[in-house]
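Visitor: Kindly return the folded structure for what I paste below:
(chains A, B and C)
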Amino acid sequence: MQGRSLAFSGSHVSAQLYLNVAVSGLLTGLIYGLSALGLSVIFGVIRIVNFAHGEMMVLGMFATLVLFRALGIDPLLSLPLVAAALFAFGYVLQDLVVRRVAHLADHMQFLLMAAVAVMLISVCLMMFGPDAQGAQVSYGFDSFAIGPLLVDKVRVYAGVAALIVSGLLFAFFHYTLTGKAIRACGDNYTGARVVGLNVRRLYALTFGIGTACLGAAGAIMLLLVDVHPYLGPSYTLLAFIIVIIGGMGSLPGALLGGMLIGISEALAGVILQPSLKSAFSFGLLILVLLVRPQGLLGKVAR
Amino acid sequence: MSAPGQAGRAGSLIVRNISKRFGGLVAVSDVSFTVAAGEIHALIGPNGAGKTTTFNMIAGAQPPDTGDVQLDGVSLAGLRPDQICRAGVGRTFQIVRPFNELTLVENVAVGALAWTDDLAEARDHARGVLELLGLGDKKEARPSSITLPDRKCLEVARALATKPKLLLLDEVMAGLRPTETDRMVAIFKKLNADTGLTILLIEHVMRAVMALSDRVLVLNYGRLIADGKPEEVTRDPEVLACYLGAEAFD
Amino acid sequence: MMSRIIESASPRALALLAIVTAVLIAAPSFVNNYVLSVLIIVLYFAYVGQAWNLMLGFAGQLSLGHALFVSLGAYTSAALFIKFGVSPVVGVFAAIAVAVVAGCLIGYLGFRFSIRGVYFALLTIAFAEFTGIIVDHISWLGASSGLFLPVKNLQSNDIVNLRGSPTMFYYVILTLTGLALALCSWLLNSKLGLYWQAIREDQEAAEASGVPLFRYKMIAVAISSGLTGVGGVWYAFYYNNLFPETMFKTSQSVEIILGSVVGGVGSLFGPVLGAFVLTPLGEALTAATEGMHVDGVKSFFWGLCVAAIVLFRPQGLWPWLYDLLGLGPKREGKKP
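Guide: Predicted structure coming up:
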């Protein structure tokens, strides 16, 4: 999912190359991490695996594209708008639909989310067609030179934006009453109901926050890659890998997992063949599931 | 049909210095006791005293951190729950865990398959056990359509169907009406008398404990604080203290 | 054992089964080519759905990576046929072996390391996608440009090499579906089946009742992956081309499970019913939306139908139809 190639010069090409690739991988990884946060928040609290994750992110990318094309708004500036729109979408989806399958078996929940994913792809296809489209920003080909490092400007902006949004999310969960209430729901559903929390509303909020993360990640991602309707499943799988590696339900874990996957995919793309990089991620996933099923930062299930 | 459990079979249990720790919490600490073959012992104590954890260690669901459990002199260490079941330890769960989509006969037949590969034989045996426990007319029902006391009986039936030498009963009388308790007590007494089945039961219903047990073991905060005849234990000051005034013994 | 099942089924259910069987056997003689091709796909999904259902519906283990077993079966038999001229009648055993080994590997890792529920499902996805990417790089298997079986216009059907008319493929998949149904019904009414259902309902309680969890879960995975692998052999010879890009994908696994879930997980006829509802539904949607010339309309309604079934018939269509047609006594104590 590397968008654009980097330019290199100098004698220590190899070391420099790897360093550059690693840094840009790290920055991309931050966006992966933000997107994975969306999955993790929803699973951690509502215990639903959002199999329409990637498609929702693609929806965010298309929304950003529309704002860029129609009004010329920079993707980073439209981020709050897109996040808000996806929040509303997630809130309504949870309250009207997902809530009704909470008591059903895993595979039924999976199928419902898969159906939602299919519908989202279809809507994107109807509205935008099957071709890849991107937002060409004015600074698209600029780069920062920091010592031997040469990093794309867009990638730096993207990484920083992802960090800021993630930071806001952490602050929300740790310092606001609503954030704490949501964590309480995730820890102990019955307990939360007993102390009088409005669990239904909090669940809808949580789902909304999860999808808002996806909207934000989608807006940022549009700086780096062109969007098309079939992009979704690869983002879904990537987010699963990240969340399992980091630990389901652990927010720092999602960010850490995102960075790890970002760097390792970028390096694997250079060292092995680019097309093999996702095999590398799946290999990593299998390894983590076997060695540490709760993930790097996850808690042991009780 | 042969009665569940077999006459003359042993079933002696030796528990030696078992302990279990969960994180910083010591659930069971250095507990030792013996249940002689053919006897009925009760394990009592306040909530959180470590009774169910002790059961889980005997049945292999939670292997002890230290110590050893022996059935008829053979160590059960390192065995999985299904192996311990086949070795002759049947157990019930405190919160009933029936197989909800299966009929009562099928539920109980699962237990009987521990000693036979013949499904027809297992079903026959299951019907017999259900009759014995008074569930004969509900054989083809599903667990969700019977009452809680009946589900408790089902739990016992499934454990009995495995033809255990030692039966572990985890609060099977809780929530039963006195007449139902008396019926259960009578069933266990008869099983014990007819087949020599050894029984260890966790119980809060003192009516049942006093009526059934040869000896009573008392756990408090994971330690064994008393082990004696029912009338001795109920007079033990330490036991009375842990029950805060002993209203439980009324 | 079969006799007992037949005894327990109501006369009405038996009559229905007999009629459906008779119609299916006679179908090629009175339907046109299009309907036959739809029936072929229906039966294929009924077959693989049944194989998948054995693992989740009977033994309670959720796999979302069954595309792996189809693909392994398909690639194994196709490669043997193309490279060494091995007849699929022989190749099917190699296909079963490869699929079972893969299934057992996933099962072993999953069950030994106590990976359960959603996590186990993700493990199966990971293995399928991982293998897909690897096959995508094996040039001997055609890599990303695909593996193709030679297509010849034959005067007569060559059943040994599975080369022939759609009618032949129809009867092959009909036979496979019938055999799978018989096998599943026999298994379900055996010790194995009862143990599986006990594991599905409550694994700790099953273990305490003497059920060796690991062994019986492994048997379920082995049989399910082997049966699915056989479906893969049929798939390879019917479609004649295999692309790793699509075959190993999770979307492919979803197609396999869809029929079972819609029909009713855990029931014997659920997967068959589900396939009979979904495939024609897809065809009808294609026909209905064809004139609109807009991409995505069909798949949108497709998603809507699936979502509706999950929301309004969460137990699947089979239990509902079973009561509706009065095929047997109402199952008391079971949620409608």
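Visitor: going forward, measure contacts between C-alpha atoms and count neighbours the same way
Guide: Fine.
Visitor: Run a quick check on C:Leu317 versus C:Gly270, I expect a contact.
Guide: Yes: the criterion here is C-alpha atoms under 8 Å, and C:Leu317 meets it with C:Gly270 at 7.2 Å.
Visitor: So for the two, which sits in the more crowded spot?
Guide: Shown here are C:Leu317 and C:Gly270; by other C-alpha atoms under 10 Å in any protein chain shown, C:Gly270 has more neighbours (28 against 22).
Visitor: what's the nearest residue to C:Met247 if we skip its chain neighbours?
Guide: With C-alpha to C-alpha, 6 or more residues apart in numbering or on different chains as the criterion, C:Met247 has its nearest non-adjacent residue at 6.0 Å, and that residue is C:Ser71.
Visitor: could you give the mean pLDDT of the helix or strand where the one you found lies?
Guide: Per DSSP states H and E: C:Ser71 is located in helix C:67-84. The average pLDDT within helix C:67-84 is 95.
Visitor: Alpha carbons of it, as PDB, please.
Guide: Only the C-alpha atoms of helix C:67-84 are listed here, as PDB (Å, rounded to 0.1, in the frame of the first residue of the first chain):
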ATOM      1  CA  ALA C  67     -11.900 -21.500   0.500                       C
ATOM      2  CA  LEU C  68      -8.500 -22.900   1.500                       C
ATOM      3  CA  PHE C  69      -9.700 -26.500   1.300                       C
ATOM      4  CA  VAL C  70     -11.600 -26.000  -1.900                       C
ATOM      5  CA  SER C  71      -8.500 -24.400  -3.500                       C
ATOM      6  CA  LEU C  72      -6.100 -27.000  -2.200                       C
ATOM      7  CA  GLY C  73      -8.300 -29.800  -3.500                       C
ATOM      8  CA  ALA C  74      -8.700 -28.000  -6.800                       C
ATOM      9  CA  TYR C  75      -5.000 -27.200  -7.300                       C
ATOM     10  CA  THR C  76      -3.900 -30.600  -6.300                       C
ATOM     11  CA  SER C  77      -6.100 -32.600  -8.600                       C
ATOM     12  CA  ALA C  78      -5.700 -30.100 -11.500                       C
ATOM     13  CA  ALA C  79      -1.900 -30.100 -11.200                       C
ATOM     14  CA  LEU C  80      -1.800 -33.900 -11.100                       C
ATOM     15  CA  PHE C  81      -4.000 -34.000 -14.200                       C
ATOM     16  CA  ILE C  82      -2.200 -31.400 -16.200                       C
ATOM     17  CA  LYS C  83       1.400 -32.200 -15.300                       C
ATOM     18  CA  PHE C  84       1.200 -36.000 -14.900                       C
END
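Visitor: near chain B, anything from the helix or strand that it is followed by?
Guide: From helix C:67-84 onward toward the C-terminus, using DSSP H and E, the following helix or strand is helix C:88-112. No: using C-alpha under 8 Å from any C-alpha of the partner chain, helix C:88-112 stays clear of chain B, with a minimum separation of 13.0 Å.
Visitor: quick check: angle from helix C:88-112 to helix C:67-84?
Guide: Orientation check (axes from the mean of the first three to the mean of the last three C-alpha atoms, to 10 degrees): helix C:88-112 against helix C:67-84 gives 150 degrees.
Visitor: Check which residues of helix C:88-112 are buried.
Guide: For helix C:88-112, a neighbour-count test (16 or more other C-alpha atoms under 10 Å in any protein chain shown) marks C:88, C:91-111 as buried.
Visitor: which ones among those residues come in contact with chain A?
Guide: Restricting the buried residues of helix C:88-112 to those touching chain A (C-alpha under 8 Å from any C-alpha) yields C:109-110.
Visitor: What residues does A:Leu59 make contact with?
Guide: A:Leu59 sits next to A:120, A:124, A:215, A:218 when contact means C-alpha atoms under 8 Å, 6 or more residues apart in numbering or on different chains.
Visitor: mind listing what residue 25 touches?
Guide: Here I'm looking at chain A. A:259, A:262-267.
Visitor: that's the wrong chain, I wanted chain C
Guide: Contacts of C:Ile25 (C-alpha under 8 Å, 6+ apart): C:Tyr171.
Visitor: element containing it, please.
Guide: Counting by DSSP H and E, C:Ile25 is part of helix C:11-26.
Visitor: Could you check how many residues crowd around C:Val233?
Guide: Other residues near C:Val233 come to 27 when the count uses other C-alpha under 10 Å.
Visitor: Give me the common contacts of C:Leu317 and C:Gly270.
Guide: Listed as contacting both C:Leu317 and C:Gly270 by C-alpha under 8 Å, 6+ apart are C:262-264.
Visitor: Export those as TSV, with columns for pLDDT, distance to chain B and secondary structure.
Guide: Converted to TSV, the shared contacts of C:Leu317 and C:Gly270 look like this (pLDDT from 0 to 100; distance: C-alpha to the nearest C-alpha, whole Å; DSSP: H, G, I helix; E, B strand; the rest coil):
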residue	pLDDT	distance to chain B	secondary structure
C:Val262	86	19	helix
C:Gly263	88	17	helix
C:Gly264	86	14	coil
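Visitor: Which positions in the longest helix seen in chain C come out as buried?
Guide: When chain C is parsed with DSSP state H, its longest helix is helix C:213-239. Neighbour counts over helix C:213-239 (16+ other C-alpha under 10 Å) mark C:213-214, C:216-238 as buried.
Visitor: Output the below-cut-off pLDDT ranges for chain A.
Guide: Within chain A, the segments meeting pLDDT under 70 span A:1-13, A:297-302.
Visitor: Residues of chain B that sit close to chain C?
Guide: So far as C-alpha under 8 Å from any C-alpha goes, chain B lies against chain C at B:59, B:61, B:81-86, B:90-91, B:93, B:97-102, B:106-107, B:110-111, B:113-114, B:117-119, B:141-145, B:158-159, B:162.
Visitor: Give me the angle between the longest helix of chain C and helix C:88-112.
Guide: Orientation of helix C:213-239 against helix C:88-112 (the same axes, to 10 degrees) gives an angle of 150 degrees.
Visitor: Remind me what helix C:213-239 packs against, helices and strands.
Guide: Contacting helix C:213-239 under the criterion 3 or more C-alpha pairs under 8 Å, 6 or more residues apart in numbering or on different chains; DSSP states H and E are the following elements: helix C:33-53, helix C:67-84, helix C:88-112, helix C:166-188, helix C:191-201, helix C:203-208.
Visitor: which residues touch the next helix or strand after that helix?
Guide: Of the helices and strands lying after helix C:213-239 in sequence (DSSP H and E), the nearest is strand C:241-242. Defining contact as C-alpha under 8 Å, 6+ apart, one finds that strand C:241-242 is touched by C:74-75, C:146-149, C:236.
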